[in-house]
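Asks: Structural data only, the sequence is not supplied:
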Ligand code: NAD
Ligand code: MG
C-alpha cells in the first residue's frame with residue numbers, strides 16, 4: 001500500500017479470520033507489514049503469542065477480567081497491554097494503513113467504525129456491522145475517506161468482478177452458498193440436528209457463529225444485505241444460489257447476457273490477501289484450482305421451506321429501516337442460545353421470525369439515525385428474542 005511496511009491492526013486477531021490474516025502476514029516478504037494493534041475477547045494465550053511473534057504495539061483483551069492474565073503473558077515484552085472498551089478504543093486509535101475488522105457480531109461495530117475512520121483502508125470481514133447499521137457505516141467511511149475492501153469471500157469476488165465496470169451495465173449479482181452441512185436434509189431430519197452437527201461445515205473452517213449461520217442459511221441472507229450496503233444497486237438485483245463445491249463465489253450478470261464469475265479454492269487467505277494487497281497481488285502457497293480433477297460445478301435454488309432464515313433476511317433487506325438490525329440482534333441471541341444447547345436448531349429461525357413479527361406489530365423501532373440508536377435496536381431485539389424463545 002505504498003512505500004514502507006503496511007501498518008496493520010487486527011480487531012479479532014484470535015478468531016478464524018484474525019488467525020488467517022496473521023498467516024497471510026507470516027507468508028509475506030519480511031518487513032511488508034508492521035502490526036500495530038491486535039485484539040481478542042478472552043483468548044489471552046493466543047493473543048499474547050501473536051503479540052510476541054509480530055511485535056505488536058498494543059494488545060487488547062475486551063474482557064476486562066483477563067487484563068492481568070494478558071499482562072502476565074506479555075511480561076517483559078514491549079507490547080502495551082490494555083483491556084475493556086477503553087482498551088478497544090485505544091487499539092482503534094492507532095494510526096494505520098489498514099484495519100482488519102474481524103470481530104464477530106454486533107460487538108465489532110463500534111471498534112470497527114472507530115478504527116476505520118482513522119485508517120486509510122478498512123478490510124471488512126465483520127458483516128454484522130453492515131447489517132445493523134450499513135447506511136450509517138458507509139456514510140462514515142465516505143466522510144473519513146476510508147477505502148473499503150470486502151473480506152467475505154463472495155463480496156471479495158464481486159468486488160473484483162465489478163471493479164471499474166459501468167454500474168448501469170450490471171443487471172444481477174448472485175452470491176453462491178455451499179448449502180452448509182444440511183443441504184440435503186429433510187425438514188424431519190433438520191428437527192433432530194444437534195449443535196455438534198451444525199458446527200461441521202463441509203467446505204469452510206470458520207468461527208462457531210458463522211458456521212451455525214451457514215447451517216441455517218441465515219449467513220447467505222446476511223450476505224445479501226452486506227452486499228447491498230457495500231455495492232449499492234437495488235435489493236432485487238441481488239440473489240443467492242447454492243453451489244455445493246464452493247469454487248465459484250459470485251456470478252455477475254451484465255445487460256448483454258454475459259455472466260462473469262470469480263473462482264478460487266475455498267480458503268479465506270485468498271480474499272484476506274486481496275484485501276491487504278489490493279490492487280496488487282502477492283503469491284502464496286494457497287492451493288490452486290485443479291480444473292482437470294474438477295468433475296462438476298453445480299447449482300440449485302435455496303429451499304426457503306427448509307431454510308426460512310434465508311427468507312427472513314431477504315424480507316428484512318426489502319423492508320430496510322430497523323428491520324436488518326432487528327433480524328441480526330435476534331439471530332445473534334438465538335445462535336448463542338443454540339450454542340448453549342438451550343434451543344433446537346429449527347428454533348433459531350422461529351425465534352428470529354417471532355422477534356421480527358412482534359417488533360413490527362408493536363411498532364417498536366424507527367430507523368436509526370446514529371450508531372447509538374442502531375446499537376439500542378440491537379440490544380432491544382436481543383431482549384425480545386429472549387422473551388419469545390422456546391427453550392428446551
Ligand atoms: P471467530 O469467532 O472465529 O472470531 C471472532 C473474533 O472476535 C475473536 O478474535 C474473538 O476474540 C473476537 N470477539 C468475539 N466477541 C467479542 C467481543 N464481545 N468483543 C471483542 N472481541 C470479540 O469468528 P470468525 O469466523 O473469524 O468471523 C469473524 C467475522 O468475519 C464474522 O463477522 C464473520 O461473519 C466474518 N466472516 C468470517 C469468515 C470465516 O471464514 N471465518 C468468512 C467470512 C466472513
Ligand atoms: Mg461468505
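Replies: Great, that's in hand. Treat the numbers as computed from the prediction; the structure is a model and nothing was measured. Ligands and ions are numbered 1, 2, ... in the order given.
Asks: CA atoms for contacts and neighbours, from now on please.
Replies: Noted.
Asks: Pretty sure residue 252 is one of the things residue 259 touches, is it not?
Replies: Yes: using CA atoms under 8 Å, residue 259 is in contact with residue 252, at 5.4 Å.
Asks: Which one's more surrounded, these two?
Replies: Per other CA atoms under 10 Å, whichever of residue 259 and residue 252 has more neighbours is residue 252, with 21 against 16.
Asks: For that one, pull up the helix or strand it's in.
Replies: strand 248-254 (DSSP states H and E).
Asks: gap between that strand and the chain center?
Replies: Here strand 248-254 is found 20 Å from its chain centre; the criterion is CA atoms, centre = their mean, to the nearest Å.
Asks: can you give me the angle the helix or strand just after that strand makes with strand 248-254?
Replies: Using DSSP H and E, the helix or strand that follows strand 248-254 in sequence is strand 259-263. When axes from the mean of the first three to the mean of the last three CA atoms, to 10 degrees is applied, the directions of strand 259-263 and strand 248-254 differ by 160 degrees.
Asks: contacts for the helix or strand following strand 259-263?
Replies: Sequence-wise, the next helix or strand downstream of strand 259-263 (DSSP H and E) is helix 269-277. Helix 269-277 has contacts (CA atoms under 8 Å, 6 or more residues apart in numbering) with 1, 20-21, 23-24, 98, 123, 149-153, 156-157, 264, 280-282, 286.
Asks: buried residues in the helix or strand just after helix 269-277?
Replies: Using DSSP H and E, the helix or strand that follows helix 269-277 in sequence is helix 308-319. For helix 308-319, the neighbour count (16 or more other CA atoms under 10 Å) marks 308, 309, 310, 311, 312, 313, 314, 316, 317 as buried.
Asks: got it, and stretch 95-113?
Replies: 95-106, 108-113.
Asks: Take those residues and keep only those in strands.
Replies: Among the buried residues of stretch 95-113, the members falling in strands (DSSP state E) are 98, 99, 100, 101.
Asks: residues contacting the second one?
Replies: With contacts defined as CA under 8 Å, 6+ apart, residue 99 is in contact with 8, 9, 10, 11, 115, 116, 119, 121, 122, 123.
Asks: Same question for the second one, what's its three-state structure.
Replies: The local conformation at residue 9, judged by DSSP: H, G, I helix; E, B strand; the rest coil, is strand.
Asks: Just want to check the distance between it and residue 123.
Replies: When CA to CA, to the nearest Å is the yardstick, residue 9 and residue 123 sit 10 Å from each other.
Asks: list residues touching both of those two?
Replies: Common neighbours of residue 9 and residue 123 (criterion: CA under 8 Å, 6+ apart): 98, 99, 100.
Asks: Surely the last one is in contact with residue 120?
Replies: This points to residue 100. No: judged on CA under 8 Å, residue 100 makes no contact with residue 120 at a distance of 11.5 Å.
Asks: What ranges does the stretch 51-200 of the chain have for its strands?
Replies: 58-61, 80-83, 98-101, 121-124, 147-150, 170-177 (DSSP state E, counting those that start in this stretch).
Asks: Great, nothing more from me.
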